[in-house]
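**Student:** compute the structure for the input listed below.
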Amino acid sequence: MERLTKNNPLFAPSFLPKGNGKLLDYDDPETGKSFRYAQFNTRAVTDCPLRTKGCEAVCYATKGNHQYGSVKTSRERSYEESKTENFADKIVYTIRYHMNTKRYKGSVMIVRIHESGDFYSIQYLRKWVAIWKAFYKVDNIIFVLYTKSFPFFLMLNEEEKDVVRKMMENGQLSINLSIDDTTTKEQLIAYLEIVKTFPLCNTYRVTENYTDDDDKCDCANCAKCGACNNPTGKTKVVKIHSASKADKEVYRKNRRK
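**Tutor:** Numbering: from 1, shown residues only. Below you'll find the predicted structure:
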């Protein structure tokens, strides 16, 4: 058996073996399962080519701790690494390394892709498809992402789309499509197409306008809730958070007519 070490050139230090303030380690007393988060991030806004004007205005990945120089430097390095030809091989190796550490062994590793950033090109998305394929039917790993890069998913070839569908059907990949009140008509058309192509995609609608009948995402404990970790094809409404009064005003000015 191959010995996995951090000294291997394939080890990617940009892959973070931790969650964030909401994605906290969680032990489920009902199932007896333990959940441990990991992350891979790139640059906020810059690496979100399909961002909406409202999303950019209230983006939480540009506020608070995300503004620290060390955080920005780390995400710049991650972006540079994501452009390398062997990026997929690096992430596959690094995940396998971490899955054998004390932190993750015997637990479910939930890999959050892009707390900051998004799929900035079809070439970059294809690298992640290769990563998902490498872990198909591997126990105890789930990939979770939020995205506005709908057109790139539609540009995948049929074999790649099949990988995405199989991962979702197996409960190993949760794609959460993000729309908001400033999503353009063109973006909505692409959104409707991706829902038809991948019916298990969840939808998270960010808005200031919702009713009591909406299925709201308002739980403070994301890890314990786990709704976004499960591909169900459902829609949830998210109230705008972590935004200043001025940011919200920019958001409102760009609402879809």
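**Student:** mind checking pLDDT for Asn65?
**Tutor:** According to the model's per-residue confidence, Asn65 sits at a pLDDT of 61.
**Student:** repeat for His241
**Tutor:** The score at His241 is 69. That number is its pLDDT.
**Student:** mind listing the helices in the stretch 1-150 of the chain by residue range?
**Tutor:** 53-58, 69-82, 87-99, 122-134, 150-154 (DSSP state H, counting those that start in this stretch).
**Student:** of all those helices, which lies closest to Pro17?
**Tutor:** helix 87-99 (5.1 Å; Cβ to Cβ). Heads up, the C-betas are built off the backbone N, CA and C, glycines and all.
**Student:** relative to helix 122-134, how tilted is the closest one?
**Tutor:** Angle, helix 87-99 to helix 122-134, by axes from the mean of the first three to the mean of the last three Cα atoms, to 10 degrees: 40 degrees.
**Student:** kindly export stretch 83-99 (C-alpha atoms) in PDB.
**Tutor:** Output for stretch 83-99, consisting of C-alpha atoms alone and laid out as PDB, is shown next (Å, rounded to 0.1, in the frame of the first residue of the first chain):
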ATOM      1  CA  LYS A  83      -4.400  26.300 -12.600                       C
ATOM      2  CA  THR A  84      -1.800  23.500 -12.600                       C
ATOM      3  CA  GLU A  85      -2.200  20.600 -14.900                       C
ATOM      4  CA  ASN A  86      -2.000  18.000 -12.100                       C
ATOM      5  CA  PHE A  87      -4.300  19.900  -9.800                       C
ATOM      6  CA  ALA A  88      -6.800  17.000  -9.700                       C
ATOM      7  CA  ASP A  89      -4.100  14.500  -8.900                       C
ATOM      8  CA  LYS A  90      -2.900  16.800  -6.000                       C
ATOM      9  CA  ILE A  91      -6.300  17.100  -4.500                       C
ATOM     10  CA  VAL A  92      -7.100  13.400  -4.800                       C
ATOM     11  CA  TYR A  93      -3.800  12.500  -3.100                       C
ATOM     12  CA  THR A  94      -4.200  15.100  -0.400                       C
ATOM     13  CA  ILE A  95      -7.800  14.000   0.400                       C
ATOM     14  CA  ARG A  96      -6.600  10.400   0.700                       C
ATOM     15  CA  TYR A  97      -3.800  11.600   3.000                       C
ATOM     16  CA  HIS A  98      -6.200  13.400   5.300                       C
ATOM     17  CA  MET A  99      -8.800  10.500   5.300                       C
END
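**Student:** hmm, back to that, can I get the helices of the stretch 1-150 of the chain in a markdown table with mean pLDDT?
**Tutor:** Converted to a markdown table, those look like this (pLDDT from 0 to 100):
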| stretch | mean pLDDT |
| --- | --- |
| helix 53-58 | 85 |
| helix 69-82 | 87 |
| helix 87-99 | 97 |
| helix 122-134 | 98 |
| helix 150-154 | 97 |
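**Student:** shaky segments in the stretch 101-250 of the chain?
**Tutor:** Along the stretch 101-250 of the chain, the parts satisfying pLDDT under 70 run over 219-220, 241-242.
**Student:** that one: strands as residue ranges?
**Tutor:** Secondary structure of the stretch 101-250 of the chain by DSSP state E, counting those that start in this stretch: the strands cover 108-113, 141-147, 173-180, 202-207, 235-239.
**Student:** and the residue most central in space within the chain, how far from Ser244?
**Tutor:** Nearest to the centroid of the C-alpha atoms of the chain, with distances taken as Cα atoms, centre = their mean, sits Leu145, at 2.0 Å. Noted for Leu145: a distance of 26 Å to Ser244, by Cβ to Cβ, to the nearest Å.
**Student:** repeat for Asp181
**Tutor:** With the distance defined as Cβ to Cβ, Asp181 ends up 17 Å from Ser244.
**Student:** please apply the same query to Lys22.
**Tutor:** Relative to Ser244, and taking Cβ to Cβ, Lys22 is found at 20 Å.
**Student:** the two: which is more packed in?
**Tutor:** The neighbour count for Lys22 versus Ser244, taken as other Cβ atoms under 10 Å, is higher for Lys22 (14 against 11).
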